[in-house]
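Trainee: The sequence and its predicted three-dimensional model are supplied below.
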Amino acid sequence: MASPIIAVNGLTKTYGSGFQALKGVDLEIRKGEIFALLGPNGAGKTTLISIICGIVNPSSGTVLADGHDVVRDYRAARAKIGLVPQELSTDAFETVWATVRFSRGLFGKAPDPAHLEKVLRALSLWEKKDSKIMALSGGMKRRVLIAKALAHEPEILFLDEPTAGVDVELRHDMWQLVRRLREDGVTIILTTHYIEEAEEMADRIGVINKGELVLVEDKATLMRKLGKKQLTLSLQEPLATIPAELASLPLELSADGTSLVYTFDVQSEETGIAALLRQLNAHGIDFRDLHSSESSLEEIFVNLVRNGVAGGPQATAATAREARA
Ligand SMILES: Nc1ncnc2c1ncn2[C@@H]1O[C@H](COP(=O)(O)OP(=O)(O)OP(=O)(O)O)[C@@H](O)[C@H]1O
């Protein structure tokens, strides 16, 4: 494999309070991929990103960004990285143009108005280039954050919760922009609470929980390995309870008794559906319709965080729904 663009080794972080936010994280990010880092509140996502970006010092371990140690060789490492933080901390009285020009200068890059124009146009900010930041809407301010991060042409872009609280239009614009950046060879790491976003965008997914990376996997493999399928049968006549003979099956009756949901492993060779249908027939349970669905990344994720890796595949999609409720 080509050498990773980011290599994290044995990373730990204990804050001054004594709280251990990272407990030995190893992670390699491949050049040109979109990597989604998922985890519940307080899992350590921002701490990990902040260390990679040189904002927070690690307690132990190393991080190389394109071969540069983020502590010892901070300036070279940081110049490779663009960071889109959650909050805008920029001079509200400056114009959009001055803000992005300044951001580029911070990294010692020569002025390049053509590049800045390209970035602002890609973010639909060109018309606003002479507006003061404080006069922009919340969504526009978000766009400015991205423009700032891209001003020095970074090879690696971190997006910390890029679409939290933004409207659907901006979310789709951002997704489009991220894809375009990837086509240009930029490596993208995003944290998100919206599993839908990871499902839509990511090539690989990492799940962090209580300071530990519990899983790193190709998205497609993850969904195949841990995914569940469900078969929903709409019944002719409502059932009061599932007959005792069928109780051992992974069957659930809806609250109103009008449908049965059967859960099975995507990977297993024997789904058990033929046997299920025979048994229903034998009990005189008729159905008028049936459809199947696959568990979403969200259900997989909830299982992982709740049960740890080992519990993930065994837990049913129903468990995931309960956990979310
Ligand atoms: N400066 C600090 N001092 C002490 N504890 C901290 C500090 N910063 C973060 N923590 C703690 O470290 C843990 C991890 O925080 P972090 O912000 O990395 O989590 P996160 O996964 O990004 O969470 P969220 O999804 O809520 O943003 C939390 O329990 C947090 O309270």
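Mentor: Happy to help now that I have it.

Trainee: how many neighbours does the residue lying closest to residue 29 once chain neighbours are set aside have?
Mentor: Leaving aside its sequence neighbours, residue 29 sits nearest to residue 6 (CB to CB, 6 or more residues apart in numbering; 3.9 Å). Heads up, the C-betas are built off the backbone N, CA and C, glycines and all. Neighbourhood size, residue 6 [other CB atoms under 10 Å]: 23.

Trainee: Show me what residue 6 bridges to in the sheet.
Mentor: residue 29, residue 65 (DSSP bridges).

Trainee: In this model residue 52 seems to touch it, though I could be wrong.
Mentor: Yes. The pair residue 6 / residue 52 is scored as a contact, 6.4 Å apart, by CB atoms under 8 Å.

Trainee: what's the residue nearest to residue 29 in contact with, if anything?
Mentor: Contact analysis of residue 6 by CB atoms under 8 Å, 6 or more residues apart in numbering lists 27, 28, 29, 52, 63, 64, 65, 66, 156, 187, 189.

Trainee: out of the residues you listed, who's near the ligand?
Mentor: Among the contacts of residue 6, no residue lies close to the ligand (CB under 6 Å from any ligand atom).

Trainee: count of neighbours near residue 61?
Mentor: With other CB under 10 Å as criterion, residue 61 counts 16.

Trainee: phi, psi of residue 263?
Mentor: The phi and psi values for residue 263, taken as degrees, to the nearest 10, are phi -110, psi 130.

Trainee: Just the pLDDT at it, thanks.
Mentor: On pLDDT, residue 263 comes in at 85.

Trainee: is it true that it touches residue 230?
Mentor: Yes. The pair residue 263 and residue 230 qualifies as a contact (CB under 8 Å) at a distance of 5.2 Å.

Trainee: Quick check, residue 272 in contact with residue 263.
Mentor: No. Taking contacts as CB under 8 Å, residue 272 lies outside contact range of residue 263: 10.2 Å.

Trainee: For residue 6 and residue 52, list the residues in contact with both.
Mentor: 63, 65.

Trainee: which stretches of this structure form strands?
Mentor: 6-14, 20-29, 34-38, 60-65, 68-69, 81-84, 156-160, 187-191, 204-209, 212-218, 228-235, 251-253, 259-265, 287-294 (DSSP state E).

Trainee: Low-confidence bits of the protein, can you list those?
Mentor: Along the chain, segments meeting pLDDT under 70 span 1, 88-90, 225-227, 266-267, 295-300, 307-325.

Trainee: what domains does the record give for it?
Mentor: With domains defined by automatic domain parsing, the chain comprises 6-223, 225-324.

Trainee: right, so the ones you listed: which one is the most enclosed?
Mentor: Most buried of the domains of the chain, by mean neighbour count (mean count of other CB atoms under 10 Å): domain 6-223, with a mean of 18.

Trainee: Pull up the distance across it, start to finish.
Mentor: 25 Å (CA to CA, to the nearest Å).

Trainee: what about that domain, distance to the chain center?
Mentor: From the chain centre to the centre of domain 6-223 is a distance of 12 Å (CA atoms, centre = their mean, to the nearest Å).

Trainee: Good, wrapping up.
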